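Student: Need the 3D shape of this:
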Amino acid sequence: MPKRERVMRMSVEQPLWRALTAYRVLTMLYAVGLFATAYDEYDHAGVAVGYYAVLFVWTLATLPRVQNAAACTKRFLAVDLAVALTGILLTPIAVNDHHIQNGGPTLPSIWTAGSVLAYAIKGGWRWAAFASTPVAVANLVERGAPARDTVHNVILVWVASIAIGYVVEVARASERTLARALEIEAATRERERLARDIHDSVLQVLAMVQRRGAVLGGEAAELGRMAGEQEVALRTLVSGGLLPVSRVSEDAADGALVRAVDEPSYDEEGPVDLRALLAPYAAAKVALAEPGAPVLLPAPAAKELAAAVGAALDNVGRHAGEDARAWILVEDEPDEVVVTVRDDGPGIPEGRLAQAEGEGRLGVALSIRGRLRDLGGSAELISVPGQGTEVELKVPKNAKAGHR
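Tutor: Predicted coordinates for the structure are as follows:
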């Protein structure tokens with residue numbers, strides 16, 4: 001089954017728009033309720049009724065405008081703020097002096113904060129500061145003097161809106177960083193999968209052609225040299241990136257887009273007997289010791305484990321010499337399956353594996369350890385110069401390909 005590219009959309013901003021939508025409706029109803037309970041304090045109730053009629057229609061009609069950043073345009077924000085400011089400045093006309101002196105609410109009441117918050121979510125803390133400043137001035141004009149409660153409310157709206165705007169900016173930056181990190185992880189995993197497959201096939205063949213050509217000499221030596229050059233070039237290509245760079249959606253509310261490659265799904269396959277997959281490796285110089293009962297693993301885990309055993313045997317043939325013998329031991333434990341591959345070769349000199357990884361030779365790092373890591377298992381390599389090499393592979397019985 002072929003791999004498919006998957007695009008994930010991330011957004012921490014969208015819940016804020018949904019909350020703002022609910023806030024505007026609730027605070028509009030709250031403002032109307034305040035008017036109904038304090039009707040006696042209004043000298044010109046008709047002014048208030050007319051304003052609340054406009055506020056009611058405007059709030060419900062513009063709900064789609066506060067669904068996301070793209071719909072919330074600058075023109076809408078300007079008109080919305082004008083509606084709030086008009087209500088504040090109409091308050092002294094509608095109410096009596098007693099209402100104002102006692103610090104009663106303005107006509108829009110706390111609905112005004114929703115208009116300022118829309119600026120904060122749309123453009124960050126700078127936009128919030130811009131919107132909250134005329135609101136502060138209008139409240140001071142409505143009160144007629146900078147009373148303590150008015151100043152307190154003005155500062156509260158100003159600080160809160162700026163803080164929310166700043167949090168939105170930080171959330172957007174964090175979202176982009178997380179999106180890039182997820183994509184780097186996805187690209188790394190895809191690169192490792194490709195490197196394993198190529199190492200198990202093409203690179204092994206090129207390396208063999210290079211060695212045999214050098215032994216035969218003549219035109220074969222030139223062919224071997226070319227094969228060696230292609231091996232180096234292919235290793236370099238495999239170590240490069242495979243996925244496009246993440247980007248931020250044109251609609252800020254949709255957040256960042258992360259591109260990943262899904263591994264083929266093998267969920268429809270049942271358990272597989274690992275012994276059947278390891279049987280082809282048995283040969284004159286490779287002894288296979290296995291339990292008498294089936295060793296069952298999920299299909300993808302069994303295939304990856306068998307491929308890791310094959311990679312270990314390839315290393316035996318390549319580095320231990322043609323006369324080296326190898327033994328495969330399969331152990332079926334209650335919670336895991338353990339496969340040990342041992343040879344009687346010269347062993348691996350200390351520091352050789354790190355040097356090989358630096359040269360782009362990732363047979364042990366990817367074909368063995370990488371496969372087991374993706375299954376949630378482990379691969380331990382023990383080698384003493386002159387005493388051979390032992391690779392112990394452990395895989396949990398509930399392992400699945402792509403496990404992290």
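
Student: how many neighbours does H152 have?
Tutor: Residue neighbour count, defined by other C-beta atoms under 10 Å, stands at 11 for H152. All C-beta spots, glycine's among them, are computed from the backbone N, C-alpha and C.

Student: Check T62 too.
Tutor: As a burial measure, the neighbour count of T62 was computed by other C-beta under 10 Å and equals 18.

Student: In terms of pLDDT, where does it sit?
Tutor: Here, the pLDDT recorded for T62 equals 93.

Student: For the spatially closest residue to I88 that is not a sequence neighbour, give its distance to L89.
Tutor: Nearest non-adjacent residue to I88, counting by C-beta to C-beta, 6 or more residues apart in numbering: A138, 4.2 Å away. A138 sits 6 Å away from L89, taking C-beta to C-beta, to the nearest Å as the criterion.

Student: More neighbours: which of the two?
Tutor: Here A138 and L89 are set side by side on neighbour count (other C-beta under 10 Å), and the busier one is A138, at 21 against 15.

Student: Can you tell me how far the more buried one is from Q101?
Tutor: According to C-beta to C-beta, A138 and Q101 sit 18 Å apart.

Student: Please apply the same query to H152.
Tutor: If you measure H152 against Q101 using C-beta to C-beta, the figure is 16 Å.

Student: Enumerate every residue touching the residue nearest to I88.
Tutor: Going by C-beta atoms under 8 Å, 6 or more residues apart in numbering, A138 touches 85, 88-89.

Student: Which of those residues sits closest to F35?
Tutor: Minimum distance to F35 across these is 14.3 Å, recorded for I88 (C-beta to C-beta).

Student: show me what contacts the closest one?
Tutor: I88 makes contact with 106-108, 112, 135, 138-139, 141-142, according to C-beta under 8 Å, 6+ apart.

Student: Packing partners of whichever helix or strand V309 is part of?
Tutor: Taking DSSP states H and E as the criterion, V309 maps to helix 299-315. With contacts defined as 3 or more C-beta pairs under 8 Å, 6 or more residues apart in numbering; DSSP states H and E, the secondary structure elements packing on helix 299-315 are strand 271-273, helix 274-278, strand 326-332, strand 336-343, helix 371-374, strand 389-396.

Student: Nearest to A31, out of those?
Tutor: Minimum separation from A31 across these (C-beta to C-beta) falls at helix 371-374, 57.8 Å.

Student: Need the CA coordinates for the closest one. CSV is fine.
Tutor: Extracted in CSV, the C-alpha atoms of helix 371-374 (Å, rounded to 0.1, in the frame of the first residue of the first chain):
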residue,chain,number,x,y,z
ARG,A,371,13.6,-0.3,13.1
LEU,A,372,13.5,-1.5,16.7
ARG,A,373,13.1,2.0,18.0
ASP,A,374,10.1,2.6,15.8
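
Student: Please, which helix or strand holds the residue nearest to I88?
Tutor: According to DSSP H and E, A138 maps onto helix 125-143.

Student: Give me the distance from that helix to the chain's centre.
Tutor: Between the mean C-alpha point of helix 125-143 and the mean C-alpha point of its chain there is a distance of 38 Å (C-alpha atoms, centre = their mean, to the nearest Å).

Student: With stretch 107-122 instead?
Tutor: Here the centre of mass of C-alpha atoms in stretch 107-122, compared against the chain's by C-alpha atoms, centre = their mean, lies 32 Å away.

Student: Quick check: buried residues in stretch 389-397?
Tutor: Within stretch 389-397, the residues that count as buried by 16 or more other C-beta atoms under 10 Å are 389-397.

Student: that older thread, okay, the angle between the helix holding V309 and strand 326-332?
Tutor: 160 degrees (axes from the mean of the first three to the mean of the last three C-alpha atoms, to 10 degrees).

Student: Averaged pLDDT, helix 299-315. What do you get?
Tutor: Average pLDDT, helix 299-315: 84.

Student: Using CSV, write down the CA coordinates of that helix.
Tutor: These are the backbone C-alpha positions of helix 299-315, laid out as CSV (Å, rounded to 0.1, in the frame of the first residue of the first chain):
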residue,chain,number,x,y,z
ALA,A,299,2.5,-8.3,10.8
PRO,A,300,4.3,-5.0,10.5
ALA,A,301,6.4,-5.7,13.7
ALA,A,302,7.3,-9.2,12.5
LYS,A,303,8.4,-7.8,9.1
GLU,A,304,10.5,-5.1,10.6
LEU,A,305,12.1,-7.4,13.1
ALA,A,306,13.0,-9.9,10.3
ALA,A,307,14.4,-7.1,8.2
ALA,A,308,16.6,-6.0,11.2
VAL,A,309,17.9,-9.6,11.5
GLY,A,310,18.6,-9.6,7.8
ALA,A,311,20.6,-6.3,8.2
ALA,A,312,22.6,-7.9,11.0
LEU,A,313,23.4,-10.9,8.8
ASP,A,314,24.4,-8.6,6.0
ASN,A,315,26.9,-6.9,8.3
